[in-house]
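>>> Okay, sequence plus prediction incoming.
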Amino acid sequence: MSNPEEPHPHDGRARSAVIERGVAKTNRPVSSAVAAPGAATKRHEPSEPDRAHLREKLYEPRKQVHNKRIDGPFRRFKWFVMLVTLGIYYVTPWLRWDRGPYAPDQAVLVDVAHRRFYMFSIEIWPHEFYFVAGLLIMAGVGLFLVTSAVGRAWCGYACPQTVWTDLFQHIDRFVDGDRNARARLDAAPWRWSKVLRRAFKWTIYAAIGFVTGGAWILYFADAPTLFREFFAGEAAPVAYITVAILTLTTVTLGGFMREQVCIYMCPWPRIQSAMLDEKSLMVTYKDWRGEPRGSVKKARRDPEHFGDCIDCMQCVQVCPTGIDIREGPQIGCITCALCIDACDKVMAEVGRPRGLIDYATLEDCEREAKGETPRSPWRTLFRPRTIVYFLVWGGIGVALLFALGTRSRTELTVSPDRNPPYMLMSDGSVRNAFTLNLRNMQSRPRQMEIAVEGLRDATMWSSTVGRADAAPTQVVTVPADQTRSVRAYIAVPPGTPAQDFTFRITAQDEEGESDSVKTRLSAPEDAP
């Protein structure tokens, strides 16, 4: 049906509105700034041909993705990465590392109670958090390096969301069958057979989520001890709450939301898209070779008018996010390259060369479309941009290793008393009080000598050593992997002026490490 035509006051052209399938279409003019030529819109310029008329949607419901099983080099590489990453995550808390009798023997441990981070032979104290910051910066630069070289390879292979989604998809195939069987089961009505199958699959989901959450808490305490306490009901409430939250999030994100996390929730694809250029390797459909599409029979009848793509849809069916790579680069592509495996398999079956879908740069695609020879992958990878990223990444790593290898395991901090800054003793001498923090970063107790330098005729005693035993030096024992506070009192003869001096501590062992801090002696203002 249509409404009565109305002449336009400027050009006299009649305007009409037509209702087709519940969508109103009109040829009333609309600004090209709002709807550019060729754009999908409900209205069009009077002088332009009709455009596609789409029902306006603010939200598109999710289309369930049932990806098909495929075998090939990229699929096998995904298997390898998944097994390695999951193995590292689940096994690492159980690895042991001998640090002596005074330190925990768990290889990787985030000891929140004692504010320590252990990673094999490396121990990070709170004041050394710059090492962790350096590792995070290296991870960021490493992502830039990988993205500039091979696109979103991180998303396609090593991202935790990708790894656990891949794991859950294999569970789907194990329980429900491959793509067609899962689609039929989803469309089937809810009967007891479907209910039991869903319950069985979701139970496996929950078990994977529970193991994932359980492995996470083992990084924060001794794994065997916490494991026993957890199942005996003796663990802290935060352990049970953490496992419950991680179980829920793992099942929700990996089992049900899947590609929605990559497309809608994750900000990294937007950042990565800004880092790609015409020299970056990406999974690319070579349209100059594949178009126009046609079946094998059509191509055989008229080979000059059809490309290599036979429109078999295998590239779409194996995609874990359900996109069509033939539509060009898009945010849903995680560069897992399963479509390459599928397309290469089809090309081999129909007797056509592989590489219709392949890793390629935009520059190489242009060369190949012109009949020129593309560059080798090594020349693509080793270009100025990736070399600069690698040098920055490697430079940060070398700097961290140098700082880690040259750091002292003995440290001293000094805090002078401010109120009062000094005291006059009965014999006329001037006494200052200081709080010394002696840090022993070794996994064994150590004796440390405290000495005063640059202060003539000064004597020192502490809260454990009386003034009768005052001397220029004192020796104290600092427990393994701890910081000991010592109250130190410095006395100088009458008339000693205010001046700077130095506290020095020296470890009394074969290493002989030392540290010093300059501070100031307070004295009466009228001292000569």
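Okay, I see it. Residues are numbered from 1 along each chain as shown.
>>> Read off the pLDDT value for R51.
Predicted confidence (pLDDT) for R51: 51.
>>> try V150
V150 is given a pLDDT of 86.
>>> any idea how far T380 is from the nearest residue in space to it that is not next to it in sequence?
Spatial nearest neighbour of V150, excluding adjacent residues (Cβ to Cβ, 6 or more residues apart in numbering): L281 at 4.7 Å. Every residue, glycine included, has its C-beta placed from N, CA and C. From L281 across to T380, the span is 6 Å (Cβ to Cβ, to the nearest Å).
>>> what's the overlap in contacts for those two?
Jointly contacting L281 and T380 under the rule Cβ atoms under 8 Å, 6 or more residues apart in numbering are A149, T361.
>>> Tell me which residues of stretch 222-229 come out buried.
By neighbour count on 16 or more other Cβ atoms under 10 Å, the buried set for stretch 222-229 is D222, A223, L226, F227.
>>> Stretch 144-159 now?
144-157, 159.
>>> Out of those, which comes closest to P73?
Distance to P73 across the buried residues of stretch 144-159 (Cβ to Cβ) is lowest for Y157, with 12.7 Å.
>>> Just give the nearest non-adjacent residue to that closest one, would you?
Excluding the flanking residues, the one nearest Y157 by Cβ to Cβ, 6+ apart is V81, at 4.6 Å.
>>> Give me the mean pLDDT for stretch 373-382.
Averaged over stretch 373-382, pLDDT sits at 80.
>>> Tell me how far it lies from the chain's centre.
Mean-position distance between stretch 373-382 and its chain equals 28 Å (Cα atoms, centre = their mean, to the nearest Å).
>>> what does stretch 449-459 give?
From the chain centre to the centre of stretch 449-459 is a distance of 51 Å (Cα atoms, centre = their mean).
>>> Tell me if T483 really is in a helix.
No - looking at T483 with DSSP: H, G, I helix; E, B strand; the rest coil, it is strand, so not inside a helix.
>>> Which strands or helices does the stretch of helix or strand S148 belongs to pack on?
S148 is part of helix 130-150, with elements assigned from DSSP states H and E. Applying 3 or more Cβ pairs under 8 Å, 6 or more residues apart in numbering; DSSP states H and E, one finds that helix 130-150 makes contact with strand 122-124, helix 268-275, helix 377-381, helix 384-406.
>>> a markdown table for these, including mean neighbour count and distance to V211?
Below are these laid out as a markdown table (neighbours: other Cβ atoms under 10 Å; distance: least, Cβ to Cβ, whole Å):
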| stretch | mean neighbour count | distance to V211 |
| --- | --- | --- |
| strand 122-124 | 16 | 27 |
| helix 268-275 | 14 | 26 |
| helix 377-381 | 14 | 37 |
| helix 384-406 | 13 | 32 |
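>>> Just send those back as CSV, with distance to T247 too.
Supplementary listing: these in CSV, determined by distance: least, Cβ to Cβ, whole Å:
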stretch, distance to T247
strand 122-124, 29
helix 268-275, 24
helix 377-381, 40
helix 384-406, 35
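>>> right, so of those, which gets closest to M138?
helix 384-406 (5.1 Å).
>>> Show me what that closest one packs onto, helices and strands only.
Where contact means 3+ Cβ pairs under 8 Å, 6+ apart, helix 384-406 is packed against helix 130-150.
>>> the inter-axis angle of the helix it packs on versus helix 268-275?
Using axes from the mean of the first three to the mean of the last three Cα atoms, to 10 degrees, the inter-axis angle of helix 130-150 relative to helix 268-275 is 60 degrees.
>>> How far does the helix or strand following helix 130-150 sit from its chain's centre?
Next in sequence after helix 130-150, counting helices and strands by DSSP H and E, comes helix 153. How far helix 153 lies from its chain's middle: 13 Å, per Cα atoms, centre = their mean.
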